[in-house]
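>>> Sequence plus the predicted model coming up.
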Amino acid sequence: MATGTLLTACNSMEGGQDDSRTPIRLTTGIQPTRATTTQDIQLLAGQDVYCWAKQGGDAYFDAWRLTANGTGGFSSQSSTQYYPNGALTLYCTHGNFQPAVVEEVTAMPSSLLHQVKTDQSLQADYAKSDLLYYYEAGVTASAEKQITFAHKLSKIVVQLEDGN
């Protein structure tokens, strides 16, 4: 009985997870443009981001889904990812991908097909059509990592006026 207690006391593993590992915690922003509406500086609440990571040349995790809370953080995620020993290369993207990315299943693709919604009159449809990308090599363990997306599409506003 004493042996069983000793083995339990020395075990810091719960369900195969080492409690000493640092979880990856991301916050987000968007590189500023001339506009200052929410999706131009911050992801709208409910928008999904997918991240892939490599360590060296090998996949570390695939299609990690994070859902934006609208204030620079994330309200949910598909799982908890942890920093490895050593640096990661982190790739994150947001868009209207077809076929859809499957969380934690879709391997890092060499390309994704992004479709712009024809009708973007609703803010949610505009946000879904916004293609954002982030890449950084040499990411190491930290309490919180700020990622700043870059817009990969142009925003065009067409204003019709009466002619002469």
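Yep, that arrived. Numbers count the residues shown, from 1 in each chain.
>>> which residue ranges form the helices in this structure?
Under the criterion DSSP state H, the chain contains helices at 2-10, 38-41, 123-129.
>>> Where among those is average confidence lowest?
Here the lowest mean pLDDT among the helices of the chain goes to helix 2-10, at a mean of 39.
>>> Identify the residues contacting the residue nearest the centre of the chain.
In the chain, the centroid-proximal residue (Cα atoms, centre = their mean) is residue 49; its distance is 3.7 Å. By Cβ atoms under 8 Å, 6 or more residues apart in numbering, the contact list for residue 49 reads 28, 43, 65, 66, 67, 68, 74, 92, 93, 94, 132. C-betas here are computed from N, CA, C, even on glycine.
>>> Selecting buried members of these in ChimeraX, what would you type?
Selection command for ChimeraX covering only the buried members of those, criterion 16 or more other Cβ atoms under 10 Å:
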select :28,43,65,66,68,74,92,93,94,132
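>>> I'd like the contacts of residue 49 laid out as JSON lines, including pLDDT.
Below are the contacts of residue 49 laid out as JSON lines (pLDDT from 0 to 100):
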{"residue": "28", "pLDDT": "89"}
{"residue": "43", "pLDDT": "89"}
{"residue": "65", "pLDDT": "97"}
{"residue": "66", "pLDDT": "97"}
{"residue": "67", "pLDDT": "96"}
{"residue": "68", "pLDDT": "94"}
{"residue": "74", "pLDDT": "93"}
{"residue": "92", "pLDDT": "97"}
{"residue": "93", "pLDDT": "96"}
{"residue": "94", "pLDDT": "94"}
{"residue": "132", "pLDDT": "92"}
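>>> Where strands are concerned, which of the contacts of residue 49 count?
By the criterion of DSSP state E, membership of the contacts of residue 49 in strands covers 28, 65, 66, 67, 68, 74, 92, 93, 94, 132.
>>> Please report how far the last one lies from residue 43.
Here the criterion is Cβ to Cβ, to the nearest Å. By it, residue 132 lies 8 Å from residue 43.
>>> Which neighbours do these two have in common?
Here residue 132 and residue 43 share the contacting residues 30, 49, 94, 149, scored by Cβ under 8 Å, 6+ apart.
>>> The closest residue in space to the last one that isn't next to it in sequence pairs with what?
Looking back up the chat, that one is residue 149. Among residues not flanking residue 149 along the chain, residue 132 sits closest, at 3.8 Å (Cβ to Cβ, 6 or more residues apart in numbering). Beta-bridge partners of residue 132, counted by DSSP bridges, are residue 94, residue 151.
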